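> take a look and give me a structure for this.
(2 chains)
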Amino acid sequence: MSDSGLSHRTHLTASRTRIPTRKSPIPARRSPVTPIHCQVSTRRAPRLWTALPLAHYCETNASLLADGFFTMTEMSFPNDLPRRRSRLPLLGLLLTLVAPLVYMALVGFPTLRATGLAAFVTAGLGCVVGFVGVLRGTNRRGRIFAGATAAMTALYLAAFFGLAALPATASTLAVGEPVPSFVLPDQNGQSVALDEAHAHGPALLVFYRGHW
Amino acid sequence: MWELRGLAEVNDELQRRQGRLLAISVDSPKQSLAVVREQHLAFSILSDGDGKVIRDYGILHQGGGPHNTDVAVPAMFLIDQNSRLIWSHKAKRITDRANPRNVLEVIQAL
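Reported below is the predicted structural model:
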């Protein structure tokens, strides 16, 4: 058996009558053999750590094999078995779903806010992970996950670059021209006049969209 | 609203130059107070509830807020002591904001 060339790509099938024990010793050679089919692996390609113990068992019991208690066949792994399921598409989808949260968490950084870089890197990473998962072999659910990942990323891109456009401002203020003056209440209800704000130095007005 | 937190250094620089930073939105003073506390702001937020000043500056986004309310397009105006515009920035997209570092450079170049 040592020269049987067992490798991790070898699919083993062993047949035996029963395992010889002390209570029931090795049956006579001519006893009827009822093969019990025992496959190393069904759903997945047999791995080295799966195939080796069986190979070892067969080698150490080579005499039993010779006596006909074991019959052993080697088969190459058939192509039509279900493909190995990869969890990567699910991971990719989760990464892409997390992308908006990443954007919100880093929204305080102006560059990331304006470009959405962090969110797109996260979503893109999710796409890559999902794609690698599909390449590695996955089932139908995995392919649906990968498709959803790509769709989510496309949606983000559309939302970020398409729908987020603001209307063109009608602002006619030009550099060097005087700006409209005003008096408005601050957060404590006290009136603040623009003329007072820039009386001694430059004033910066920051208009923002509100607390929501 | 998030952009306000990044303006601390700009506010410091303006105060050093005897100037002032004023944030403006359509929020009520009560809501603005909550924002000042939440974001730990060292400058004031002014309330332009009816949007008159926002309209004067030509940056009203009609129906841009929740429940079709009018809000301001995110924008910045730097004004000198003679009430003249030195520099401005207006957002073209919802995520568009002036980089505080650039604003700081503009102020320091005065």
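> and stretch B:23-33, end to end?
12 Å (Cα to Cα, to the nearest Å).
> for chain B, what helix or strand is lowest in average pLDDT?
Within chain B, no helix or strand scores below strand B:60-61, which has a mean of 88 by mean pLDDT, DSSP states H and E.
> which elements pack onto the helix or strand just after that strand?
With elements assigned by DSSP states H and E, the helix or strand that comes after strand B:60-61 is strand B:71-72. Where contact means 3 or more Cβ pairs under 8 Å, 6 or more residues apart in numbering or on different chains; DSSP states H and E, strand B:71-72 is packed against strand B:20-25, strand B:60-61. Placement of C-beta: from N, CA and C, glycine included.
> so which elements touch the first one?
Here strand B:20-25 touches helix A:194-197, strand A:203-207, helix B:8-16, strand B:44-47, strand B:71-72, going by 3+ Cβ pairs under 8 Å, 6+ apart.
> distance between the longest one and the chain's centre?
The chain centre lies 14 Å from the centre of helix B:8-16; the measure is Cα atoms, centre = their mean, to the nearest Å.
> average pLDDT for that helix, rounded please.
For helix B:8-16, the mean per-residue pLDDT is 93.
> could you dump it to PDB, C-alpha only?
What follows is helix B:8-16 as a C-alpha-only set of coordinates in PDB (Å, rounded to 0.1, in the frame of the first residue of the first chain):
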ATOM      1  CA  ALA B   8     -12.300  74.600  15.900                       C
ATOM      2  CA  GLU B   9      -8.800  75.600  14.500                       C
ATOM      3  CA  VAL B  10     -10.400  78.100  12.100                       C
ATOM      4  CA  ASN B  11     -12.400  79.600  15.000                       C
ATOM      5  CA  ASP B  12      -9.100  79.900  17.100                       C
ATOM      6  CA  GLU B  13      -7.400  81.700  14.200                       C
ATOM      7  CA  LEU B  14     -10.300  84.100  13.700                       C
ATOM      8  CA  GLN B  15     -10.400  84.900  17.400                       C
ATOM      9  CA  ARG B  16      -6.600  85.600  17.300                       C
END
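> flag every buried residue along it.
For helix B:8-16, burial by neighbour count (16 or more other Cβ atoms under 10 Å in any protein chain shown) applies to B:8, B:10-11, B:13-14.
> which one of those is nearest B:Ser88?
Minimum distance to B:Ser88 across those is 14.5 Å, recorded for B:Val10 (Cβ to Cβ).
> wait, the closest one touches B:Leu21, no?
Yes. Using Cβ atoms under 8 Å, B:Val10 is in contact with B:Leu21, at 6.3 Å.
> who touches both of those two?
Here B:Val10 and B:Leu21 have A:Leu204 as joint contacts, going by Cβ atoms under 8 Å, 6 or more residues apart in numbering or on different chains.
> for B:Arg93, grab phi and psi.
The phi and psi torsions at B:Arg93 (degrees, to the nearest 10) take the values phi -130, psi 160.
> pretty sure it contacts A:Ala168?
No. Using Cβ under 8 Å as the test, B:Arg93 is too far from A:Ala168 to be in contact (11.6 Å).
> the two: who's more crowded?
Neighbours were tallied for B:Arg93 and for A:Ala168 using other Cβ atoms under 10 Å in any protein chain shown; the higher tally belongs to B:Arg93 (16 against 9).
> can you tell me the closest non-neighbouring residue to the more buried one?
With sequence-adjacent residues excluded and distances taken as Cβ to Cβ, 6 or more residues apart in numbering or on different chains, B:Arg93 is closest to A:Ala164, at 4.8 Å.
> so for that neighbour, what pLDDT did the model give?
Confidence score, pLDDT, at A:Ala164: 70.
> repeat for B:Leu85
For B:Leu85, the model assigns a pLDDT of 93.
> contacts only, for the residue nearest the centre of chain B.
With distances taken as Cα atoms, centre = their mean, B:Ala23 lies nearest the centre of chain B, 3.8 Å away. Listed by Cβ under 8 Å, 6+ apart, the contact set of B:Ala23 reads A:205-208, B:4, B:7, B:41, B:43-46.
> can you put those in JSON lines and add distance to A:Met104 and neighbour count?
JSON lines is the format used below for the contacts of B:Ala23 (distance: Cβ to Cβ, whole Å; neighbours: other Cβ atoms under 10 Å in any protein chain shown):
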{"residue": "A:Leu205", "distance to A:Met104": "26", "neighbour count": "24"}
{"residue": "A:Val206", "distance to A:Met104": "21", "neighbour count": "26"}
{"residue": "A:Phe207", "distance to A:Met104": "22", "neighbour count": "26"}
{"residue": "A:Tyr208", "distance to A:Met104": "16", "neighbour count": "24"}
{"residue": "B:Leu4", "distance to A:Met104": "16", "neighbour count": "22"}
{"residue": "B:Leu7", "distance to A:Met104": "19", "neighbour count": "23"}
{"residue": "B:Leu41", "distance to A:Met104": "19", "neighbour count": "19"}
{"residue": "B:Phe43", "distance to A:Met104": "24", "neighbour count": "20"}
{"residue": "B:Ser44", "distance to A:Met104": "26", "neighbour count": "20"}
{"residue": "B:Ile45", "distance to A:Met104": "21", "neighbour count": "29"}
{"residue": "B:Leu46", "distance to A:Met104": "26", "neighbour count": "25"}
